[in-house]
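no FASTA, just this:
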């Protein structure tokens, strides 16, 4: 039995119907540049204006107060504290919520019963983790704070601050440090042959497990963020964009022999960052959405909009991105399935298999599905921490966030999910009171939208924050987004890049192969 849509709201239903029907009309619109630009502007504005625009009046500063939430100068300006969309819930609401361990159980994937996505590949999962890890960064010493730059700045590649960036630079020809292994370019190793941190990387953070075998520890790379070696997908993408940065530097140096190292580096960095923003909007967001119209990264359309404001990541955006269900129990590598744990801190897999084949492998395997009862056991502790964080932040109920995002409040559990097991679990957890469902659970309890990669409220909240934070990047601003900032060569590279596949195939090194590289499953892409 399907989910009841009676509380989706007439306007929302009409909008979804229009965007998921009439394919010939949408194709015609996208074939006429002027029409495409106007419709793109209208739809992105419509997505962002589904909720209040920044600056938000509240942050996690002052959370300890049990009185009414209020704004202060610090809460409006100190971005080391994470922002929030809605003020904190009353303590009585948080105190009434079910035991965390009971909530964890509704996320847990049954043994040998993973639920796979009908649309997404494992590459979608890899990209989502790598991309968001650069700006959704909770401070582990104080949950109210973050360590984010609040921008899409490719910090997993370039580092979170100038000290790290300088350590990762070769300081010759604009390049990032790298090494050749059997003719293939990779990031440099973090440790020397004696297991000591290389002197040039003493200020580069690195996280790894204490019990990591010595042979794996020796192969850890020096990259921009502390968790950059955590999983093979993260390392693949960092390696790819390191190669792309250095490739662009070579082109710039040939065209501009008078440019010094600094200008070469900064111009290549500018180019790569905008390239990834284009990929994020035109491949990643379009993969998530179920629509026939494909969004375009056209920042010039939005310079006059109320939402064109300084970026500030929110606690809600951070938590809704915990897509743990995407992670599969096993990973396809070279025609063999290996346990997902074997891809953690195991860079030898990348060295042996190489970039092209690994991107091809990830594009041939379905990811898991986002939702309840599908978090693998290896991530249950992370799920527990996420639920705890949502409660420490005193997030308001799922229904209050639905209303905030222009959905009617649900009045029954079957309006959240048509899955009888999920409906029964929610009833039991929240005593039959749908208004008690907490945001973190409600987000993942919803059924994935037809033809989409995500449930509806997650999809809407991603649209609200993703568009308004990607398209306000400083490099896309009115007086910066031009050929002078990127050079003629960089400007052309940005315009000629339409997908991750383009970037992979121009950075294969000695490999002349052709690979299917996509966040969308091949059978789906061909329909």
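Yes, it's here. Note that the structure is a prediction, hence the values are computed from the model and not measured. Numbering: from 1, shown residues only.

Could you use CA atoms for every contact and neighbour count after this?
Fine.

Next SSE downstream of the longest helix that the chain contains?
For the chain, the longest helix by residue count, based on DSSP state H, is helix 232-255. Scanning forward in sequence from helix 232-255 by DSSP states H and E, the next helix or strand is helix 261-279.

Following that following helix in sequence, what is the next regular element?
That would be, after helix 261-279 and using DSSP H and E, helix 286-288.

Kindly check the end-to-end length of stretch 151-169 for me.
Distance between the two ends of stretch 151-169: 21 Å, counting by CA to CA, to the nearest Å.

in that stretch, what's buried?
The neighbour-count check on stretch 151-169 (16 or more other CA atoms under 10 Å) flags 151-160, 164-169 as buried.

Just name the closest of those residues to residue 61, please.
The closest of the buried residues of stretch 151-169 to residue 61 turns out to be residue 151 (CA to CA; 20.5 Å).

Any regions of this protein where pLDDT drops low?
Low-confidence segments of the chain (pLDDT under 70): 1, 64-68, 525-527.

what helix or strand does residue 124 sit in?
Going by DSSP H and E, residue 124 is in helix 122-132.

And that helix, what's buried?
Under 16+ other CA under 10 Å, the buried positions of helix 122-132 are 122-131.

With stretch 475-485 instead?
Across stretch 475-485, burial judged by 16+ other CA under 10 Å covers 475-477, 481, 485.

Out of the residues you listed, which sit inside helices?
Taking DSSP H, the ones among the buried residues of stretch 475-485 that sit in helices are residue 485.

what number of residues lie near residue 297?
The tally of other residues near residue 297 (other CA atoms under 10 Å) stands at 21.

For it, which residues are in contact?
The contact partners of residue 297, by CA atoms under 8 Å, 6 or more residues apart in numbering, come to 277-278, 281-282, 471.

top of those by neighbour count?
residue 471 (25 neighbours).

From residue 310, how far out is that residue?
11 Å.

for residue 168, same thing?
28 Å.

Okay, strands next: where are they in the chain?
58-59, 83-84, 116-121, 179-181, 184-186, 330-333, 336-339, 366-368 (DSSP state E).

which non-adjacent residue is nearest residue 524?
In space, and not counting its chain neighbours, residue 524 is closest to residue 119: 6.3 Å by CA to CA, 6 or more residues apart in numbering.

rewinding a little: tell me the gap between the helix holding residue 124 and the middle of its chain.
Mean C-alpha position of helix 122-132 versus that of the full chain (CA atoms, centre = their mean, to the nearest Å) differs by 6 Å.

what's in contact with it?
Contacts of helix 122-132 (CA under 8 Å, 6+ apart): 154, 156, 233-234, 237, 284, 326-327, 359, 362-368, 518-520.

would you list every one of the helices in the stretch 401-527 of the chain?
Along the stretch 401-527 of the chain, counting by DSSP state H, counting those that start in this stretch, helices occupy 420-429, 439-445, 456-470, 483-496, 500-505, 522-525.

do the stretch 1-150 of the chain as well
Secondary structure of the stretch 1-150 of the chain (DSSP H, counting those that start in this stretch): helices located at 10-20, 23-30, 33-48, 73-77, 91-95, 100-105, 122-132.

The longest one versus helix 23-30: what angle between them?
Interaxial angle, helix 33-48 versus helix 23-30 (axes from the mean of the first three to the mean of the last three CA atoms, to 10 degrees): 110 degrees.

repeat for the last one
Note on geometry: by the same axes, to 10 degrees, helix 122-132 and helix 23-30 are set 40 degrees apart in direction.

Let me see the contact set for residue 503.
240, 244, 497.

Give me the buried subset of those.
By 16+ other CA under 10 Å, the contacts of residue 503 give 240, 244 as buried.

Going by distance to residue 300, which of the contacts of residue 503 wins?
residue 497 (18.5 Å).

Next, work out how far apart the closest one and residue 436 are.
From residue 497 to residue 436 the distance is 46 Å (CA to CA).

Then residue 32?
48 Å.

And those two? Which one has more around it.
The neighbour comparison of residue 32 against residue 436 (other CA under 10 Å) goes to residue 436, with 22 against 10.

which residue sits closest to the more buried one, ignoring its sequence neighbours?
That would be residue 430: by CA to CA, 6+ apart, it lies 5.9 Å from residue 436.

So for stretch 431-446, first residue to last residue, what's the gap.
18 Å.

What of stretch 363-378?
Note: stretch 363-378 ends 22 Å apart using CA to CA.

same deal with stretch 509-520?
25 Å.

Which positions in it come out as buried?
Those would be 515-520, for stretch 509-520 by 16+ other CA under 10 Å.

now it: how far from the chain's centre is it?
With CA atoms, centre = their mean, you get 22 Å for stretch 509-520.

Then stretch 389-404?
Counting by CA atoms, centre = their mean, stretch 389-404 comes out at 21 Å from the chain centroid.

and what of stretch 150-166?
Relative to its parent chain, stretch 150-166 has a centroid offset of 16 Å by CA atoms, centre = their mean.

who's in contact with the nearest residue to residue 469 once chain neighbours are set aside?
Closest residue to residue 469 in three dimensions, ignoring its sequence neighbours and counting by CA to CA, 6+ apart: residue 311, at 5.7 Å. By CA under 8 Å, 6+ apart, the residues touching residue 311 are 54, 150-151, 469, 472.
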